[in-house]
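[1] Build me a model from this:
(chains A, B, C, D and E, ligands or ions: 5)
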Amino acid sequence: MLTARRLGKRYGEKRVLRRIDLAVPRGGFLVVTGPNGSGKTTLLRICAGLAQPTEGTIERAVQRAQVGYLGHEPLVYRELTALENLELYGRLYRIPERRERIGMLLERFGLWEARHDRVASYSRGMTQRLGLCRVLLHEPELLVLDEPYSALDEAGAELLDAQLAELGGESTFVLATHDPARVEPLASGRLALA
Amino acid sequence: MLTARRLGKRYGEKRVLRRIDLAVPRGGFLVVTGPNGSGKTTLLRICAGLAQPTEGTIERAVQRAQVGYLGHEPLVYRELTALENLELYGRLYRIPERRERIGMLLERFGLWEARHDRVASYSRGMTQRLGLCRVLLHEPELLVLDEPYSALDEAGAELLDAQLAELGGESTFVLATHDPARVEPLASGRLALA
Amino acid sequence: MGYARDVGALARKDLLLELRARDTLPAMLLFVGSVFVVFHFALPGTSSRLATAGLLWVAILFTALLGLGRAFVPEREQRTFDGLVLAPCDRSAIWLAKSLATLAFLVAAELVALPLYALFFHSVGGATVAAVALADLGICGVGTFLGAMAVATRARDLILPLLFLPLAMPIVVGAVGATVVDSPGRYLGFLALYDLLFAVICWASFEYVVAE
Amino acid sequence: MGYARDVGALARKDLLLELRARDTLPAMLLFVGSVFVVFHFALPGTSSRLATAGLLWVAILFTALLGLGRAFVPEREQRTFDGLVLAPCDRSAIWLAKSLATLAFLVAAELVALPLYALFFHSVGGATVAAVALADLGICGVGTFLGAMAVATRARDLILPLLFLPLAMPIVVGAVGATVVDSPGRYLGFLALYDLLFAVICWASFEYVVAE
Amino acid sequence: MNRSAATIQAVGRTRISLPVLAGASLVLVTTALAFVFFVAPNDADQGFSQRIFYFHVSIAITAYGCFAGAAWKALRHLWKRDPRADLESYVFVHQGVIFGTLVLLTGSIWAKISWGHWWLWSEDQLVLFLVLFLFYCAYFMLRFSVDPGPQRANLSAVYALFGVVLIPVSFAAIRLSKQLIHPVVFTRDGPNFHGWILVTYCLAQVALPVLAYTLYRLELSAKRLDGRLRDLREVLA
Ligand code: HEM
Ligand SMILES: Nc1ncnc2c1ncn2[C@@H]1O[C@H](COP(=O)(O)OP(=O)(O)OP(=O)(O)O)[C@@H](O)[C@H]1O
Ligand SMILES: Nc1ncnc2c1ncn2[C@@H]1O[C@H](COP(=O)(O)OP(=O)(O)OP(=O)(O)O)[C@@H](O)[C@H]1O
Ligand SMILES: [Mg+2]
Ligand SMILES: [Mg+2]
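    Ligands and ions are numbered 1, 2, ... in the order given. Purely as a prediction, here's the structure:
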């Protein structure tokens, strides 16, 4: 599904990634760990196709439409409401039964009541939940999640556990986290950056 | 140190906090928990003096200069370097031996190498570390920390543990977190919002 | 068909954002309105057709620059560019939608500007309106493209006019010509050609501007 | 003394940010320069002193508005206002520092604008320079204050000119007067009075604008 | 000062009750109208139409009074943290803008009659009033683009204070720039009219502020009722 060979990335003089080899099979679940500034986000952005490696090659066996990326930023417009944001992405991804699916996700992630509020007025955890809704909206085959548990409360984290377990084996995951124990049962591969 | 009586806060029609009573003694350590959107951030902003309650009263037995607030945002300028940011705050807080202290903090939080880089190029955990440096810079008596562990790697979290333990009993803490177990040994009071 | 729907969804988002934050259109209206009012009081009534046509076009150009400078501000401030880049739509749809949204603001500003111009200076004929329409297309298309390039650099607000003004010179020449002469056909043709040419370049190369 | 150091540290930060991002000054320079160049070609050489003085002042006002609109953009985009509000310095220092930074940009723009004006239109005398200096103080002081107010609102870029222009009217009246008449003393006095009066209110009430 | 203390103070302060006020303003306005139309003599050179002057001038002064009231309440909000002052200040501005509109209307009518134009851009005084009027219109823009809360109250209050400083400064600017073309009634020698004209004018000048105050109290109590209803609904919910 995802194959990288001798990946390297540098910003100007600074080398961030060095000779990374990856092979994530379809349905695989790669957990990326590493201290702050070790290049997890950089690697995940390359996996999602948001950045290009400066060395080596990466191959994705899926279309762009089948990739879901959750980064440190929720990638939603703060001046729009949750509904409007999901509507936009729903149209762009051509989701069938768009409205129903949006409603279902908002309800599942506990944002239904707040769906008409501007995202700017959301709490941090609510924004993260909205980011998750956005990522799951189009049922991507490849999910690239950068610290998806951050800012979530216990209920939210369990919800995410359940979502990951439900999709596990079916979708392919690349997930960066500082708490690998949490996703241990699902993991099929590990990559520790240093 | 911090006394609140029948605190309430609402945004327009929406009521976020309702009849909160607080009494944190000098050297106390209040842990605030609650699900996403329960009002932790709102309460902490009120404690730090960044927001006013719409009902009830709050009293702080310290000057503004003695308050340190770490919110969801690191409150640093992304176009400036770590050093320039801390220099600015060091001047505003009139830190004696400013440069030495800045150097010490940067080294302790592992940012010394990156001190001349713009914050925009920092990883998320590095930005959080810089936010911690900023908060600790002026050795505040009242520390208001909103999910300070978020985005930190294991080493960073242990560093923060050590810092909290070192200051515990001396400074007063109000700390919001989704992982109360982590600060359990230090906690002298708990507040669970719903 | 699908392409048009993507463009529609993206442009709708920009209009909605403007409706919420009212960041762009008021500034453009205020600017273009005050330029004309001021010039009206500053210019003696008998200015040459050429001078006032030049004025009209400079006003339009700078009003557009105002709007273009803000076109990508929401994406930058809220760091949502990644979301658009990842979306399965053709990347050129992002450019087209943003151009259309900017065009909408520019046209709205001109709906105020042209009557004011007619009131204060010279009457506005069909050729002028046609020139305005054609020039608008070129200005918004090229300008949005450069705006997206400028967002990627650090000195955004310096870069945009620096790149844009030279590229807009042919538009001004053609447009002033079309406004002033009696048979503006050639000038209008030139403007249309410019639009077509640059639309094709922008459309084909926008991909490389947004994706790394 | 301590107050001055706070203001210095804050203003230094703003200048540094501008140096890095070059967001404000290039736009101001470009605007004011092109206004004069365009008017030079549009206005016949023999325009009245009053007309060109009006032009000068409108150009300065709008250039300032451009800078003022961006004064609080870093704080807003990077949400650093809280950091400044929490700092132990007197809150009015934030206003003063931001005003000084904006003033620096405005003066830099005028160092280009006034020679251009002298070149194209009328010579610039001591009274004009004094009027510019006094007006700049008022414009930047009041404008920065309103800019901080506007940041807190939803329609920022609409609000700022709406609030600012009425408040700047007395400045324009006084400044045009000082530029045109032979004995500008009264006008300069009026401008100084305006500056003083509004500096005092801004200074005293800025606290309420930034803190809840 | 906390809320309950403020309430006690409000109860303790004697206020004219709303019905009495309404009655008084009704009587005063009708008397003033009667005087304007039946008692005051025709103007020597402007004839009947000059009668609009009684209202025009007193409405203008009432509008300024409202703006001053708004600033006073704003000061109370900022200084004393009087929890009711924000709403009161807002209502004063609202009344001021309503009366300002009336100034523009009556002034325009008068201008049409005596100068033959609805509006003259060359009249600095008119433009000045328009600018001030727009300044206060912008108050609403400002207020309604901030979410309700302490910050909105602060911003509105500061703005109202700016207004009350801007008014004299603008007048000074106009006076400086040229001799007033707009007629000046209150010259240094005192009012240049006498007898019934003076009586009628004074009557209108009393009636309109009382009317404005009545409207102010009316709007205030309606707004307060809204707030209480909202609180009540919340308690029930
Ligand atoms: C700033 C608020 C205003 C004040 C305090 C004010 C005051 C006055 C006063 C005191 C007079 C009486 C002059 C006399 O009896 O000789 C007057 C007359 C007049 N006002 Fe106003 N006025 C104001 C605004 C306006 C506006 C906005 C307009 C027009 C739209 C206007 C149009 C007139 C006209 C046409 C007259 C009669 C002039 C004449 O007799 O030739 N005024 N005003
Ligand atoms: N645009 C950039 N320019 C220069 N350096 C960069 C840029 N982006 C990231 N870096 C550097 O690359 C390194 C890796 O950053 P990255 O964000 O990938 O780390 P990370 O593993 O995600 O860390 P964290 O756990 O803190 O999120 C850091 O040292 C960072 O400073
Ligand atoms: N400016 C605002 N306008 C309107 N509502 C707001 C505003 N700020 C916060 N809220 C609402 O107040 C509630 C509490 O928000 P707050 O940020 O305090 O939650 P929190 O406990 O910190 O949550 P999290 O764990 O997600 O950080 C949320 O429902 C949020 O939508
Ligand atoms: Mg990261
Ligand atoms: Mg929070």
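[2] Find the closest residue to ligand 4 in chain A.
    Across chain A, the shortest distance to ligand 4 (CB to the ion) belongs to residue A:41, at 3.2 Å. Every C-beta, even on glycine, is put in place using the N, C-alpha and C of the backbone.
[3] Tell me the spacing between the residue nearest to the spatial centre of chain C and residue C:199.
    The centre of chain C sits closest to residue C:140, judged by CA atoms, centre = their mean, with a distance of 3.4 Å. The spacing between residue C:140 and residue C:199, counted by CB to CB, to the nearest Å, is 10 Å.
[4] Do you know the pLDDT at residue 163?
    No chain was given, so I picked chain A. pLDDT recorded at residue A:163 is 93.
[5] ah, I was thinking of chain E
    Reported pLDDT for residue E:163: 94.
[6] so it makes contact with residue E:67?
    Yes - contact criterion CB atoms under 8 Å: residue E:163 and residue E:67 qualify, at 5.8 Å.
[7] Between those two, which has more neighbouring residues?
    Each of residue E:163 and residue E:67 has its neighbours counted (other CB atoms under 10 Å in any protein chain shown); residue E:67 has more, 26 against 23.
[8] got a list of what that one touches?
    Neighbouring residues of residue E:67 by CB atoms under 8 Å, 6 or more residues apart in numbering or on different chains: E:92-93, E:96, E:136, E:160, E:163-164, E:167.
[9] Where does chain E get nearest to ligand 3, which residue?
    Across chain E, the shortest distance to ligand 3 (CB to the nearest ligand atom) belongs to residue E:147, at 5.9 Å.
[10] Surely residue A:173 forms part of a strand?
    Yes - under DSSP: H, G, I helix; E, B strand; the rest coil, residue A:173 falls within a strand.
[11] List the contacts of residue C:103.
    Residue C:103 neighbours (CB under 8 Å, 6+ apart): C:136-137, C:140.
[12] what bridges to the spatially most central residue of chain A?
    Centroid check for chain A by CA atoms, centre = their mean gives residue A:145 as the closest residue, at 2.6 Å. Per DSSP bridges, the residues bridged to residue A:145 are residue A:70, residue A:175.
[13] what pLDDT does it get?
    pLDDT recorded at residue A:145 is 96.
[14] What separation is there between it and residue E:78?
    Distance of residue A:145 to residue E:78, given as CB to CB: 49 Å.
[15] What is the least confident helix or strand in chain C?
    In chain C, no helix or strand scores lower on mean pLDDT, DSSP states H and E than helix C:25-42, which sits at a mean of 77.
[16] just the angle between it and helix D:25-42, please?
    Helix C:25-42 runs at 30 degrees relative to helix D:25-42, counting by axes from the mean of the first three to the mean of the last three CA atoms, to 10 degrees.
[17] Name the next helix or strand following helix C:25-42 along the chain.
    Per DSSP states H and E, the first helix or strand lying C-terminal to helix C:25-42 is helix C:49-71.
[18] Report the contact partners of the residue nearest to the centre of chain A.
    Counting by CB under 8 Å, 6+ apart, residue A:145 touches A:44, A:69-70, A:135, A:173-176.
[19] Just put those residues in a markdown table and tack on pLDDT.
    Below are these laid out as a markdown table (pLDDT from 0 to 100):
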| residue | pLDDT |
| --- | --- |
| A:44 | 96 |
| A:69 | 96 |
| A:70 | 95 |
| A:135 | 96 |
| A:173 | 95 |
| A:174 | 95 |
| A:175 | 96 |
| A:176 | 96 |
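[20] before we move on, back to that, is it true that the residue of chain A closest to ligand 4 touches residue B:123?
    Yes - here residue A:41 lies in contact with residue B:123, judged by CB under 8 Å, at a distance of 6.1 Å.
[21] separation between residue A:67 and chain B?
    Counting by CB to the nearest CB, to the nearest Å, the separation of residue A:67 from chain B is 21 Å.
[22] And for the nearest residue to that residue once chain neighbours are set aside, the neighbour number?
    Excluding the flanking residues, the one nearest residue A:67 by CB to CB, 6 or more residues apart in numbering or on different chains is residue A:142, at 4.9 Å. Residue A:142: 25 surrounding residues under other CB under 10 Å.
[23] Alongside ligand 3, which residues does chain E contribute?
    residue E:147 (CB under 6 Å from any ligand atom).
[24] Give the buried residues for the longest helix along chain C.
    In chain C, taking DSSP state H as the definition, the longest helix is helix C:91-120. Buried residues in helix C:91-120, counted by 16 or more other CB atoms under 10 Å in any protein chain shown: C:91-106, C:109-110, C:112-114, C:116-117, C:120.
[25] Out of the contacts of residue E:67, which is nearest to residue B:27?
    Closest approach to residue B:27 among those (CB to CB): residue E:160, at 44.5 Å.
[26] can you pull the contacts of the residue most central in space within chain E?
    With distances taken as CA atoms, centre = their mean, the residue of chain E nearest its centroid is residue E:63 (2.4 Å). Contact analysis of residue E:63 by CB under 8 Å, 6+ apart lists E:96, E:99-100, E:102-103.
[27] again, only using 10 Å
    E:95-104, E:129, E:132-133, E:136, E:208, E:212 (CB atoms under 10 Å, 6 or more residues apart in numbering or on different chains).
[28] just curious, which of those is nearest to residue A:182?
    residue E:136 (57.7 Å).
[29] Around chain E, pick out the residues from chain A.
    residue A:121 (CB under 10 Å from any CB of the partner chain).
[30] returning to what we had before: cross-check the contact I'm expecting between the residue of chain A closest to ligand 4 and residue A:177.
    No - contact status for residue A:41 versus residue A:177: not in contact, 11.8 Å apart, counting by CB atoms under 10 Å.
[31] Next, show the common contact partners of these two.
    Residues touching both residue A:41 and residue A:177 (CB under 10 Å, 6+ apart): A:32, A:146-147.
[32] before we move on, back to that, look up phi and psi at the residue nearest to the residue of chain E closest to ligand 3 when sequence neighbours are not counted.
    Spatial nearest neighbour of residue E:147, chain neighbours left out: residue B:12 (5.5 Å); criterion: CB to CB, 6+ apart. Taking degrees, to the nearest 10, you get phi 60, psi -120 for the backbone angles of residue B:12.
[33] Residue B:12: how many residues sit nearby?
    If we define neighbours as other CB under 10 Å, then residue B:12 has 10 of them.
[34] who touches it in this structure?
    Contact analysis of residue B:12 by CB under 10 Å, 6+ apart lists A:121, E:147-149, E:152.
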